[in-house]
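Q: Provided below are the primary sequence and the corresponding predicted coordinates.
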Amino acid sequence: DVKVTQSSRYLVKRTGEKVFLECVQDMDHENMFWYRQDPGLGLRLIYFSYDVKMKEKGDIPEGYSVSREKKERFSLILESASTNQTSMYLCASTSSLSYEQYFGPGTRLTVT
Amino acid sequence: GENVEQHPSTLSVQEGDSAVIKCTYSDSASNYFPWYKQELGKRPQLIIDIRSNVGEKKDQRIAVTLNKTAKHFSLHITETQPEDSAVYFCAASKASGSARQLTFGSGTQLTVLP
């Protein structure tokens, strides 16, 4: 069974703080993704990575950066959190041989 | 880039009735169309998908149809049950040099009334 875990289920941060969200998968998947989920907007892709140290921008990368130092781990970084980054953040992974994305449980981030 | 529109945003049906959710996409190069179900407080999970070389796929009570000419695809759920209540997301993807990205629709909240 594929397991994708995220470091926190709930997180509260202050405006201007640096925030790290971490995602770990245990299936040796090459591809990993970060989405944010907002009501009425679906899931929007922030960044993805197809290999260690490789990253590509998604549809809404502004205000975010990512890091992938190990194959199983993909981190999302908010350099200076703002209130409009309050959202649910979902990580996903997939094998290069498959289209199916496996999601983590999500992190509900609140920036005050 | 790809744009996926999904309708309706909310749908209520009586238990036992059918439910239909529709999506349109913009990029004619898209060739993979999955549907994800997200129950309240849970993570999205793939329930069915279709590739562009087929027009319909069924799996028990759920089916997906694809019209490539019109660039739209639909999810059909028959004999709905209370456990079908969830948010459903459609998505579209095309093979690219790097990871296969999914562009998601905005979601449909399906409520099955007992």
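A: Received the coordinates, thanks.
Q: Up against chain A, what does chain B have?
A: Residues of chain B found near chain A (C-beta under 8 Å from any C-beta of the partner chain) are B:1, B:6, B:9, B:32, B:34, B:42-46, B:49, B:89, B:93, B:98-107. (Glycine included, C-beta is placed from N, CA and C.)
Q: And those, which of them are buried?
A: For the residues of chain B next to chain A, a burial check counting by 16 or more other C-beta atoms under 10 Å in any protein chain shown picks out B:6, B:32, B:34, B:43-44, B:49, B:89, B:93, B:98-107.
Q: Give the residue farthest from the middle of chain A.
A: Using C-alpha atoms, centre = their mean, the residue of chain A lying farthest from its centre is A:Leu97. It sits 21.1 Å away.
Q: Identify the bridge partners of B:Ser93.
A: Beta-bridge partners for B:Ser93, by DSSP bridges, are B:Tyr32.
Q: was I right about it contacting B:Ser30?
A: Yes: the pair B:Ser93 / B:Ser30 is scored as a contact, 6.2 Å apart, by C-beta atoms under 8 Å.
Q: And for the nearest residue to A:Asp26 once chain neighbours are set aside, the neighbour number?
A: Among residues not flanking A:Asp26 along the chain, A:Lys3 sits closest, at 4.8 Å (C-beta to C-beta, 6 or more residues apart in numbering or on different chains). Neighbour count of A:Lys3, defined by other C-beta atoms under 10 Å in any protein chain shown: 11.
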